[in-house]
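Student: my questions concern the predicted model and sequence given below.
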Amino acid sequence: MTRTPRQRTHSRFSSIAPLRAAFTLTEMLIAIAVLLVVILATSSIFSTAQRVSSLGEANSDILQQANAIERVIRNDFKRITRDGFFAVQCVGVPNDINKPQTGRLLDPTRDDDAEIRSDQLFFFTEGLAASTRALDSYANASSDQVGLDKPAPAQSYYSSVFYSPGVQVKIQPYQNDPVGGDILDIDREGLENADNEGLYPWSYYPAGDLPFQRWPSGANAASNVPLLPESTENWILCRQSTLLGDDDGSRQTGGGDVGNTGDYFMSGDAGGDPNSAPSIFYDPFNDGSIRFRPDLINSRVDIAATERDTLRQEVCYFWNDPSDWGFNGSNQGGENDFFASPTDLVKTNQVLDAMYNGYPRGELRAPSMQRMDTMLTNAVLGPNVSDFRVEWTWADGVGRDKDVSFPGNGSDQRLVGGLPGVVVEGTALVNGGSTPWFGLSDEVIGSAPASAFMDGSLPPDSGSGWSHIGDPGRRATGGGGAGGDAVRIGPPVGTELGSGTFFISDPFGLQTDETLAHIEFGEETANDPGSVIRRYGAVFGFNGDNAILRTPSGEPYVFNGGVPGLGSRIVGSGNNGRGVSTYTPWPTAVRISFRLHDSEARLEGGRAFEFIIPLPRVDS
C-alpha cells in the first residue's frame, strides 16, 4: 500500500518519545535544604559524640590523677611516725587579693569575695627512702671522701613530708652562663627582710621587686622579671620529702673539708656544691623564729642533716627556759626546777609561721638543663590542683580516762567519773554529718576550730572569737547531750564539762586550758571568708598519750591540797607545785579535698575530690 506524504510525516514524528519536564529551581532549593538539614543533624551528632568523648577523656584523666594523688598521700600516712610532730595549716585567701594591682582574680570563674584555700600538711615518716637528685648524691661510708667514688644514692629511714600548694616562677631571669655558672634562685630570707612576708602561690611582684641570689654561693643577683601568680586552675600541688640524717662529720670533697657536723650532710662534686641542707629548720633573724632552710623549700636539695634527737632542739620548748611557761621565781618554780633539755611540746606558732612563709617552689618545666634546675620538677605531685583543703578530727573518747580518781577537798577539787576527754554525741551537726571537723571556719562544710566547739567560746562579734560562725559544734539539729551539745571537749583536752556526767565542777583551773591552747593557732579566724587572709593551724607534738602525772606505782599524782596532777612534769614543790602539760593528742583522722582542672579546659570549673584518711593507731 502506498503511503501519502502526510502519512509518512505523521509516522516519523510519532516515533519520538514525548519530552519530560526538568527540576524546577524551587525543587532544587528544597532538596539542598533537606540535604543541609541532614548534614547539620549528622554533624551535630558527631560533634556531640566528640564532645562527650572529650569530656569522658578529661574525666578519665582527672580521675587517674586524683587516684594517683590519693594513693601517694595514703602511702605516706601508712608510714607516719609519732617520733616527730604532725601539723595542719589552713589558709584562706581572698579571690580579689591582687585585683587592685593586676585587675585579675585568682579564680575568674568565682565571685570577687570568694575564698581560695591553700592549706598545708607536714609530718614525719619511717621507711627506706632515697634522694631524688640525679647523680652525685652519693654516700660512702668506707672513707672520708664523700660522694666522689661510690655511686650509691643517699638513703634514709627517717624523712619529713610536706604537702602544700607550690610557688611557680614562670618568667625566668636571664643567666649569662646557665651551664657553668651559679643558678639563680629566689632569696627567701631577703624577701622577708624587705617585705616582712614570704612567697606564696598568690604572690604578685612587679618587675625588679622579687629578689634573687646565686645558688649555692648566696651572692646577690639583680633581676628585672615580674612574678605573676597563675590562675588557680594552673596551680600545682607539691610534695616535698626530705631525707634526714647525719654523716658524723665526713664532709670532705676534693681534699678539702667543707665543714663540721653543723654544715652539709655531704657534698656532691669537687666544686663543693651541697646536696643537702645543714638542718630542716633554723632561725634566720635571731629572734626565736623558725623557718625552713631556703635550699629545701626552693627545691634545690632533699636531704637535711637533722636527726631524730636534734629535731626537738630545733622546734620544741626547753625546760630550762621558764619564760616559755609563763611563770618565774620560787612560787611556781624557778630555773633550778627545769632541766636543760627540750620538752615534748612543739612551738606551735613558730612552726606554723615556718610553713606559711615556706610554700615550696615547684616547676612543671625545668628552667634549664642543669641538674639542680631539674630538681624543681621533682617536688610537683600534681598539676592543675586548686583549693587544697585539710581538716582534722578527734573521735569520741580521745583523752578519756575513767579509771583516774582524785581524793576530794571539797567539790572544787573532786573528780567524779574520770577524765571525759572528747565527747561526740553522734547527733547531726548543723550542716549535716555527725563527725566534727576542725579547721578554718566554713559554714558550707560545717568546719571550725576546735576551740569554737567548746562551751564559753567567744562569739564572732566580740572581735576575738575563734570562728566567724560562732559555736557550730554546740548547735545540734537533733538533740544531743547536755544542753543539746553535739560535741564537748573536756579535760585533759579542753575545758568543756558535761552537766554532772563526769565532773561536779572544773578541778583544774588554768591547767585545762593548756592542751588545746598548745595545739591551736589562729589569725583573722573570726572574719568572714574572702575578706582577709585567714589562717588556722594545729600542731601535735611528741607527747600524744600521757596526760596525767603518775607516781612510780602508777597512781595519779596529787599535789598538796588534793590538786590533781594534770600534766607531763612537776614544777615546783609542795603547795607551790604544779603540773606542766605537754600533752597534745594526735588527730584520729584527716579530711583532704581539692579541685582538679583539665589542662585543656574541657571541664569548666574542674572537679572536686574528697577523701578521709585515718591516722595509724599508736599500737599499730
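Tutor: Looks like it arrived, so ask away.
Student: mind giving me the packing neighbours of the strand or helix carrying Ile73?
Tutor: Assessed by DSSP states H and E, Ile73 sits inside helix 25-78. Applying 3 or more CB pairs under 8 Å, 6 or more residues apart in numbering; DSSP states H and E, one finds that helix 25-78 contacts strand 380-382, strand 589-596, strand 607-614. Quick note: C-beta positions are derived from backbone N, CA and C, even for glycine.
Student: what pLDDT does the closest residue to Gly245 other than its chain neighbours get?
Tutor: Take Gly245 and drop its neighbours on the chain: the residue closest to it by CB to CB, 6 or more residues apart in numbering is Ser156, 4.6 Å away. Looking at Ser156, its pLDDT reads 85.
Student: so which strand or helix has Ser156?
Tutor: Going by DSSP H and E, Ser156 is part of strand 155-165.
Student: and that strand with helix 25-78, angle?
Tutor: 130 degrees (axes from the mean of the first three to the mean of the last three CA atoms, to 10 degrees).
Student: next structured bit after strand 155-165?
Tutor: strand 183-186.
Student: avg pLDDT for the next helix or strand after that next one?
Tutor: Heading C-terminal from strand 183-186, the first helix or strand you meet, by DSSP H and E, is helix 188-195. For helix 188-195, mean pLDDT rounds to 82.
Student: may I see the buried residues of helix 188-195?
Tutor: For helix 188-195, the neighbour count (16 or more other CB atoms under 10 Å) marks Arg188, Glu189, Gly190, Leu191, Glu192 as buried.
Student: how much space between the nearest residue to Pro492 once chain neighbours are set aside and Thr132?
Tutor: Leaving out its chain neighbours, the residue that sits closest to Pro492 by CB to CB, 6+ apart is Ala547, at 3.8 Å. In this view, Ala547 and Thr132 are 40 Å apart by CB to CB, to the nearest Å.
Student: one more: Arg308?
Tutor: Between Arg308 and Thr132 the distance is 22 Å, computed by CB to CB.
Student: tell me which of those two has more neighbours.
Tutor: Thr132 (17 against 13; other CB atoms under 10 Å).
Student: circling back to that earlier point, pull the number of nearby residues for the residue nearest to Gly245.
Tutor: When neighbours are counted by other CB under 10 Å, Ser156 registers 22.
Student: what's the answer for Asp96, then?
Tutor: 17.
Student: and what of Pro226?
Tutor: Using other CB under 10 Å, Pro226 has 16 other residues around it.
Student: the one 10 residues further on too?
Tutor: Under the neighbour criterion other CB under 10 Å, Ile236 is assigned a count of 25.
Student: quick one: pLDDT of it?
Tutor: At Ile236 the predicted local distance difference test score is 96.
Student: which residue sits closest to it in space, ignoring its chain neighbours?
Tutor: Using CB to CB, 6+ apart, the closest residue to Ile236 is Gly166 (4.4 Å).
Student: which secondary structure elements does the helix or strand that the helix holding Ile73 is followed by sit against?
Tutor: Sequence-wise, the next helix or strand downstream of helix 25-78 (DSSP H and E) is strand 86-94. Contacts defined by 3+ CB pairs under 8 Å, 6+ apart place strand 86-94 against strand 115-117, strand 120-130, helix 348-356, strand 385-393, strand 534-540.
Student: which one, of the ones you listed, ends up nearest to Gln213?
Tutor: With CB to CB as the criterion, Gln213 lies closest to helix 348-356 of the helices and strands packed on strand 86-94, at 19.8 Å.
Student: what comes up buried for the strand holding Ser156?
Tutor: Burial within strand 155-165, assessed by neighbour count using 16+ other CB under 10 Å, is assigned to Ser156, Tyr158, Ser159, Ser160, Val161, Phe162, Tyr163, Ser164, Pro165.
Student: leaving out sequence neighbours, find the closest residue to the second one.
Tutor: The one in question is Tyr158. Distance criterion CB to CB, 6+ apart; nearest residue to Tyr158, sequence neighbours excluded, is Leu244 at 4.8 Å.
Student: show me the contacts for that neighbour.
Tutor: Going by CB atoms under 8 Å, 6 or more residues apart in numbering, Leu244 touches Ser156, Tyr158, Ser159, Ser160, Ile280, Ile303, Ala304, Thr306, Glu307, Arg308, Leu311.
Student: gap between the first one and Gly362?
Tutor: What it means is Ser156. 22 Å.
Student: now the helices for the stretch 501-620 of the chain?
Tutor: Using DSSP state H, counting those that start in this stretch, the helices of the stretch 501-620 of the chain run over 511-519.
Student: quick one: low-confidence parts of it?
Tutor: Along the stretch 501-620 of the chain, the parts satisfying pLDDT under 70 run over 501-514, 557-580, 619-620.
Student: next, the buried residues of stretch 613-620.
Tutor: Buried, per 16+ other CB under 10 Å, within stretch 613-620: Ile613, Leu615.
Student: per-domain residue ranges of this protein.
Tutor: 56-335+346-390+589-614, 397-520+547-586 (automatic domain parsing).
Student: which stretch in these has the least confidence?
Tutor: When I compare the domains of the chain, domain 397-520+547-586 is least confident, with a mean of 63.
Student: would you mind measuring the gap between the ends of that domain?
Tutor: End-to-end distance of domain 397-520+547-586 (CA to CA, to the nearest Å): 12 Å.
Student: list the buried residues in stretch 204-221.
Tutor: Buried residues in stretch 204-221, defined by neighbour count with 16+ other CB under 10 Å: Tyr204, Tyr205, Leu210, Pro211, Phe212, Gln213, Arg214, Trp215, Pro216, Ala221.
Student: what's the answer for stretch 364-372, then?
Tutor: By neighbour count on 16+ other CB under 10 Å, the buried set for stretch 364-372 is Ala366, Pro367, Gln370, Arg371, Met372.
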